[in-house]
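Asks: Structure for this input, please:
(chains A, B, C and D)
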There are 2 protein chains.
Amino acid sequence: MATRDYGQYCGLARALDLVGERWGLLIVRDLLCGPQRFGELQSGLVGIPSNVLTNRLKELEAGGVVERVLLAAPARGTAYALTEAGRSLEATLVALGRWGAARLGDPRQGEVVTAGSFAMALRTTFRPGAARAGERVAYEVRMGDVVVGAIVQDHAVTVTVGALDDPDVVVETGPAIKAVMAGDLTPDEAVAGGAVTITGSKRAWRRFPDLFRI
Amino acid sequence: MATRDYGQYCGLARALDLVGERWGLLIVRDLLCGPQRFGELQSGLVGIPSNVLTNRLKELEAGGVVERVLLAAPARGTAYALTEAGRSLEATLVALGRWGAARLGDPRQGEVVTAGSFAMALRTTFRPGAARAGERVAYEVRMGDVVVGAIVQDHAVTVTVGALDDPDVVVETGPAIKAVMAGDLTPDEAVAGGAVTITGSKRAWRRFPDLFRI
DNA sequence: CTGGATCCTCAACGATACTG
DNA sequence: CAGTATCGTTGAGGATCCAG
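Replies: Next comes the predicted model:
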């Protein structure tokens, strides 16, 4: 929005003015997992030049989507977080992500999975109807150096990056998790076949493909 | 997607690869109202250079979002239409448009209202719950040279550009329609004050702010 | 007259180096 | 670590021209 806009008095055009520039919505996606530092964002948005990230963050901040926050000790320094307006984009991003996921196919040459993208996948596949009232399950899922936490509670999921304090189960996996989420592989088969290693509640892991289903 | 992509195996990133480039979603927005010719798109997307429109249409076509169709007589020639994949973006665009509309404020200097943007406004403000089962109302709304039709039926609205064959009511209006849709001005007040001229069913016009509510 | 293609300019993006 | 600076490349913006 800083420099060029569509010049239309239209809600969609205004939304695109605010978050529609290149990398914009991916920044919002990554910040849905909680505040992130400049460097964390940069490593999650593979290939983004640092000056472009700087510009986007300034524009998103000016647009009221992102705000700078000071990290408490012991971390120190500044980070970027979504404002309430930014957080309210979540449902829309999930919808758009689901549309794109239907056209995803197999990974292309060179395509990577980042923490933010995997977190997004958990959000898009989460089925609120499958969660039981009063149920609380905390998953820590590890794919290589990508570590995300997903806490299911009150028919909702909260996805964060990094390890959880007290997960019910830690799941170490690779691409095979897609087969589990698609229902092509049962949780037990995945463990037996060595595609997945779990630490913690076997019951929670068996429940995983019910809660997160492609 | 043709040239550069985000290189992430992520539904959101794939969606942005397909429709996230500049002007992309506005093209989809305008095509939600039905097939359009190149020139119609160009005049609805104020300021888009013709070569950019050409490129976007090619990319959207390659991505399976848009397809070229041949117009039947007497129109002749080719037009661009959404594929099923493109149409399935409607709900998401409405959600994004609603997010942006909440941040729209008053029109800025130079901002225009096009047929596509006004049609989008009708989609975002439509309240399915307010429509009655079996009810069918057809509105033709005119704002200057912008003419759109909105047919409410079966708790859904179909919005098109151009005049309707058999509208229940033709509404000629200006910016004042926003006050009516916001509930700040009743339909009768708007007509009495001269801000709106209606031709046809007064009853249908009185129902308008129930069906389309900001 | 519509539907583009072509050319040029400039701003934004991309890559890398560098600094507080 | 968190940006800023610089520079080459790409794509957008704008005008004009060409073909059916």
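
Asks: Any part of stretch A:20-28 near DNA strand D?
Replies: No - Stretch A:20-28 lies apart from DNA strand D when judged by Cβ under 7 Å from any atom of the strand; the minimum separation is 9.0 Å. In short, each C-beta sits where N, CA and C put it, glycine included.

Asks: Near DNA strand C, which residues of chain A are found?
Replies: A:2-4, A:21-23, A:47-52, A:55.

Asks: State the mean pLDDT of stretch A:18-34.
Replies: The average pLDDT for stretch A:18-34 rounds to 97.

Asks: ditto for stretch A:110-124
Replies: The average pLDDT for stretch A:110-124 rounds to 97.

Asks: Run the chain-centre distance for stretch A:72-85.
Replies: With Cα atoms, centre = their mean, to the nearest Å as the basis, stretch A:72-85 stands 17 Å off its chain's centre.

Asks: Same question for stretch A:167-179.
Replies: Computed by Cα atoms, centre = their mean, the chain-centroid distance of stretch A:167-179 equals 15 Å.

Asks: and what of stretch A:61-68?
Replies: The answer for stretch A:61-68 is 19 Å, by Cα atoms, centre = their mean.

Asks: again with stretch A:169-189
Replies: That offset, for stretch A:169-189, works out to 18 Å (Cα atoms, centre = their mean).

Asks: With stretch A:48-59 instead?
Replies: Counting by Cα atoms, centre = their mean, stretch A:48-59 comes out at 20 Å from the chain centroid.

Asks: is DNA strand D contacted by that stretch?
Replies: Yes - applying Cβ under 7 Å from any atom of the strand, one finds stretch A:48-59 in contact with DNA strand D at A:P49, A:S50, A:N51, A:T54.

Asks: and what of stretch A:155-165?
Replies: No - using Cβ under 7 Å from any atom of the strand, stretch A:155-165 never reaches DNA strand D; the gap is at least 14.0 Å.

Asks: who's in contact with that stretch?
Replies: Outside stretch A:155-165, the residues that touch it by Cβ atoms under 8 Å, 6 or more residues apart in numbering or on different chains are A:32-34, A:36, A:40, A:115-116, A:119, A:122-123, A:126, A:128-129, A:131, A:133, A:138-140, A:147-151, A:211.

Asks: Which ones among the residues you listed also lie next to DNA strand D?
Replies: Taking Cβ under 7 Å from any atom of the strand as the test, DNA strand D is in contact with A:E40 out of the contacts of stretch A:155-165.

Asks: any idea which element the residue nearest in space to the middle of chain A lies in?
Replies: Among the residues of chain A, the one closest to the centroid is A:A119, at 2.8 Å (Cα atoms, centre = their mean). A:A119 belongs to helix A:115-125 when assigned by DSSP states H and E.

Asks: Now do that helix: which elements does it pack against?
Replies: helix A:24-31, helix A:90-101, strand A:136-143, strand A:146-153, strand A:156-161, helix B:11-19 (3 or more Cβ pairs under 8 Å, 6 or more residues apart in numbering or on different chains; DSSP states H and E).
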